[in-house]
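Trainee: would you be able to build a 3D model of this:
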Amino acid sequence: MSHFTTYVITKTDQKEELDRLMLPYHEYECTGRTDYCVYVDRLEESIKEYNENFSDYESPEKFLEDWYGLHPEYIYSEEPKVRPTESYAVVKDGHIVQSYQFTNPNHKWDYYNPYSWKNCPFLTEDVGDTDVKVVKKSQIDIDAFMKGKKDYFTGVYNRLKPYFKPDFISWKQARESVDDDLKKAREIYNGQQSIKDMEAAISSDELFNLRWHVKVDDIAAMTEQEFVDGNLREAAPFWALVIPSGQWIEHGHMGWWAVTWDEDKDFNKTWMEVWKGIPDDCYVWRCDCHT
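Mentor: Residues are numbered from 1 along each chain as shown. Next up is the predicted model:
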């Protein structure tokens, strides 16, 4: 499971519009809604997986039940005249001859909740400390957000830089030195005086959060300006942005346990350009998305 923030831009402050823009990205396997679902052919994948694991199963049918969670009633001996609104397969003479996943291939979330803007540090003063779930775009001070991020990264750099000794070995270097033996790499990396001093200076929880949000090792090799500029290029108040046309713009594809791929290296530039083109009288929801 993963949680990520998505800003959804709507032309009105009605939640129905929020739900309408988010619906094309639902995960059918969790929502049960058939909107935007199609049949995805996975025959090649099914045959490959079965051939690699057939010794663990008494039949292709049992494999399909276990591997894909197919209910026996959706495993046919002939192509059904009417396709079910479920994933299904056809097994003929002991061979998988058809295998389809009924799904929304554009899914991004299995549930989402709009949450309050209360205490958000980069709203304009006229919003105040109001507990609201939707604000106007004009009430979001992006310049204040970016300044806050710049101050944060500057503070991180200046606080941690003194702990990095000239002979510091980065995590990447530690792994390469032992051919990616993670246990040995951890011993080398965490055994350094630089890391011990840094951990002694700040709480372990805070250090974990710093390592999560910034590439701490970069501090050893970069100037303050390089470090701050590099992190600002990846700064955004959200992971994904949905605009009134329905387009979903994301930093990268989010999977389980915050594993991401296909990340957009120019995401900061992309979202800022899109943001500038959104009328100030549009409304903005910030949603906690789960996948």
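
Trainee: next, count neighbours for the residue nearest to residue 4 when sequence neighbours are not counted.
Mentor: Once its chain neighbours are removed from consideration, residue 4 has its nearest residue in residue 239; the separation is 3.9 Å (C-beta to C-beta, 6 or more residues apart in numbering). Where C-beta positions appear, they are placed from N, C-alpha and C, glycine not excepted. Burial of residue 239 is recorded as 20 neighbouring residues (other C-beta atoms under 10 Å).

Trainee: which parts of the stretch 51-200 of the chain are helices?
Mentor: In the stretch 51-200 of the chain, the helices defined using DSSP state H, counting those that start in this stretch lie at 60-68, 142-160, 171-177, 182-190, 193-201.

Trainee: save the ones you listed as a markdown table, and put in mean pLDDT and distance to residue 243 too.
Mentor: Output for these, formatted as a markdown table (pLDDT from 0 to 100; distance: least, C-beta to C-beta, whole Å):
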| stretch | mean pLDDT | distance to residue 243 |
| --- | --- | --- |
| helix 60-68 | 97 | 35 |
| helix 142-160 | 91 | 15 |
| helix 171-177 | 94 | 37 |
| helix 182-190 | 94 | 41 |
| helix 193-201 | 86 | 41 |
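
Trainee: if we can go back for a sec, make sure the residue nearest to residue 4 is actually in contact with residue 7.
Mentor: No - counting by C-beta atoms under 8 Å, no contact exists between residue 239 and residue 7, whose distance comes to 9.2 Å.

Trainee: and the spatially most central residue of the chain, what's its pLDDT?
Mentor: With distances taken as C-alpha atoms, centre = their mean, residue 254 lies nearest the centre of the chain, 2.7 Å away. Listed pLDDT for residue 254 reads 90.

Trainee: beta partners for it?
Mentor: Listed by DSSP bridges, the beta-bridge partners for residue 254 are residue 260.

Trainee: can I get the helices of the stretch 51-200 of the chain in a markdown table with mean neighbour count and distance to residue 91?
Mentor: Conversion of these to a markdown table gives the following (neighbours: other C-beta atoms under 10 Å; distance: least, C-beta to C-beta, whole Å):
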| stretch | mean neighbour count | distance to residue 91 |
| --- | --- | --- |
| helix 60-68 | 18 | 5 |
| helix 142-160 | 15 | 55 |
| helix 171-177 | 15 | 45 |
| helix 182-190 | 14 | 42 |
| helix 193-201 | 14 | 56 |
